[in-house]
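[1] pasting a predicted model and its sequence here:
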Amino acid sequence: MDEKRTLEERELISGGFLFCSKKDAELAETERKKIAYLEERMDYSNPEKIWQIYEKAVQERIFITPTGLSYLKKVQDYLMEQPEIPKDSLSPIPLLHTYDRELREKQNPARNRLRIPKPKKKKQAAFPISVILNILLLITVIAMFAITLDSDNPNVLNYERALTDRYASWEQELTEREQTLRERERALEIEEQ
């Protein structure tokens, strides 16, 4: 049977239980080591001492996996058989999981958070605002380009035209000055003759 199991599946098995995650299986393996340590040091001839250890393990929730809970149940059964231990004073083994589906869904807020799409509602409400802001930004950018193209100051968009116009005006100005100078020279030459 073990040959048919994949390596990943074998990593999820601990103490005869198949866990859903590797982390849970590792936790169960840790609890198995705790159990082995306790078993080496437990003196079953002294039920009072075992009762104290059992109570401490239950109160501090030292065991939480099925492996550890099975061990606690074994110790609890042993203590129930001991005449010197009062049966009603034994603490029950607390379970961390609810097995009733309806109750489990009510008590597990993590499931409710997963099912309720509250963030989507916020995103849906923010979508029209985002569209309006994008349209306003687009209009602003178009207006900036229009102003830039129509302005007299040279900029990245109209620098070539501005430079050509400036050089053309300088050339025209120089031509006019040259013409006035030539006219003056002619006037001076006529007067000299």
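    Sure thing, it's come through.

[2] can you count the residues close to residue 138?
    10 (other Cβ atoms under 10 Å). The C-beta positions use only the backbone N, C-alpha and C, and glycine is treated the same way.

[3] which pLDDT does the model give it?
    Listed pLDDT for residue 138 reads 97.

[4] how much space between it and residue 145?
    Between residue 138 and residue 145 the distance is 11 Å, computed by Cβ to Cβ, to the nearest Å.

[5] and the helices in the protein?
    Counting by DSSP state H, residue ranges of the helices within the chain are 7-11, 22-41, 47-59, 66-81, 101-107, 109-115, 118-150, 159-192.

[6] to residue 95, which of those lies closest?
    Nearest to residue 95 among the helices of the chain is helix 66-81 (7.4 Å), distances taken as Cβ to Cβ.

[7] same for the closest one, what does it pack against?
    Applying 3 or more Cβ pairs under 8 Å, 6 or more residues apart in numbering; DSSP states H and E, one finds that helix 66-81 contacts helix 22-41, helix 47-59.

[8] now the longest one: buried residues?
    Put plainly, it is helix 22-41. 24-25, 27-29, 31-32, 35 (16 or more other Cβ atoms under 10 Å).

[9] how far does it sit from its chain's centre?
    On the basis of Cα atoms, centre = their mean, to the nearest Å, helix 22-41 sits 32 Å off its chain's mean C-alpha point.

[10] same thing with stretch 135-142?
    The answer for stretch 135-142 is 33 Å, by Cα atoms, centre = their mean.

[11] 14 is where my numbering starts, stick with that
    Renumbered: residue one is now 14, and that last one reads stretch 148-155.

[12] export it to PDB, keeping only CA atoms.
    The C-alpha trace of stretch 148-155 is given here as PDB (Å, rounded to 0.1, in the frame of the first residue of the first chain):
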ATOM      1  CA  ILE A 148     -11.300  61.700 -18.600                       C
ATOM      2  CA  LEU A 149     -10.500  64.900 -16.700                       C
ATOM      3  CA  LEU A 150      -6.800  64.100 -16.900                       C
ATOM      4  CA  LEU A 151      -7.100  63.400 -20.700                       C
ATOM      5  CA  ILE A 152      -8.900  66.700 -21.200                       C
ATOM      6  CA  THR A 153      -6.200  68.500 -19.200                       C
ATOM      7  CA  VAL A 154      -3.400  67.000 -21.300                       C
ATOM      8  CA  ILE A 155      -5.100  67.900 -24.600                       C
END
